[in-house]
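Visitor: dropping a prediction and its sequence here:
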Amino acid sequence: MDLKSQNNTKPTRRQFLVRFCALGAALLILPLKALASVWNKPAFESATLADAIKNLNIKAEAPSAQIEIIAPDKAENGAVVQVEINSHIANTESITIFSEKNPTPLVAQYTFSNGALPYVVTRIKMAETCDLKAVIKANNQYFTASKRVEVLENGCG
Amino acid sequence: MDVVKAMTTDIKMRAQLKDDITEVKVLMSHPMETGRRKNDANEIIPAHFVQLVTATLNGKTVLEAQWGTGVSKNPYLTFRLANARVGDTVAVTWLDNLGQTSSQQIQVVAV
């Protein structure tokens, strides 16, 4: 009886240890893996809006009234301009934000998954008065909207 | 002293569930140097900025961000989750152009 119960628990304990170690390793690797997605260097270093869009492979973006951009009409300080973007387009996968006249116009790209809503609030630098442009990717199509922001003080130093 | 201050990598987070939607607010401490600014000695301050941000809900990726130098110093971010419950874990990790990284996590609370 004793032997039998030992035989029953031993593999279980071993299995448990193996699983426990595997889990630990997975937890360690997970954040690194998550960050391994490649930063789009050519797009972020593009000096014009057209080049940035090209390097992001954004094609045929259609103007859409279903993209809500909330940003100030006038920004006192271009170093911190709060921008809120809410996409009402079904199956929105990502939101990309451009500040047209920044030295590098591409500011940020957000990709949503697993129940994240297509909504973001972020604070950006704006070099001068220009259009803030948002591009939404949904169902392999691109949609866009813009909002003019008057910048009173250059935020790109 | 300023340099030391700029290098601190703490992240402040809040995840609040209200009317089925969890709003996550994140404030990171980072200089977000563009590489175009000059110091008092007229020397270029090297670029130092966050490039990648990942947010997870109970270990599953919900948001991936790529940032350029146009994101403001001490970056602020709000995002919303449709499927989070009270007690769930939301975690955020960033990685900058110098290979530095920082993480923070918090439990979802009801408002």
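Guide: That came in fine, so what should we check first?

Visitor: so what pairs up with residue A:131 in the strands?
Guide: Residue A:131 has the following beta-bridge partners by DSSP bridges: residue A:148.

Visitor: ok, it - contacts?
Guide: Residue A:131 makes contact with A:100, A:146-149, according to CB atoms under 8 Å, 6 or more residues apart in numbering or on different chains. (C-beta placed from N, C-alpha, C; glycine too.)

Visitor: phi, psi for the residue nearest to the spatial centre of chain B please.
Guide: Nearest to the mean C-alpha position of chain B, by CA atoms, centre = their mean, lies residue B:28 at 4.4 Å. Main-chain dihedrals, residue B:28, degrees, to the nearest 10: phi -110, psi 150.

Visitor: hang on, the earlier thing: which of the contacts of residue A:131 sit farthest apart?
Guide: A:100 and A:147 (10.9 Å; CB to CB).

Visitor: need the residues touching each of these two.
Guide: Shared contacts of residue A:100 and residue A:147, counting by CB under 8 Å, 6+ apart, come down to A:131-132.

Visitor: and the contacts of residue A:131 as a markdown table, adding neighbour count and pLDDT?
Guide: Shown next, in a markdown table, are the contacts of residue A:131 (neighbours: other CB atoms under 10 Å in any protein chain shown; pLDDT from 0 to 100):
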| residue | neighbour count | pLDDT |
| --- | --- | --- |
| A:100 | 19 | 96 |
| A:146 | 16 | 98 |
| A:147 | 17 | 97 |
| A:148 | 12 | 97 |
| A:149 | 23 | 97 |
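
Visitor: which among those gets closest to residue B:88?
Guide: Closest to residue B:88, out of all of these and judged by CB to CB, is residue A:147, at 33.6 Å.

Visitor: just checking, that closest one touches residue A:130?
Guide: No - contact criterion CB atoms under 8 Å: residue A:147 and residue A:130 do not qualify, at 10.2 Å.

Visitor: before we move on, back to that, separation between the residue nearest to the centre of chain B and residue B:101?
Guide: Distance, residue B:28 to residue B:101, using CB to CB, to the nearest Å: 11 Å.

Visitor: which residues do these two both contact?
Guide: By CB under 8 Å, 6+ apart, the residues touching both residue B:28 and residue B:101 are residue B:94.

Visitor: so the residue nearest the centre of chain A, which state does it fall into?
Guide: Nearest to the mean C-alpha position of chain A, by CA atoms, centre = their mean, lies residue A:110 at 1.5 Å. Three-state assignment for residue A:110 (DSSP: H, G, I helix; E, B strand; the rest coil): strand.

Visitor: what about chain B, which residue is the most distant from its middle?
Guide: residue B:41 (30.6 Å).
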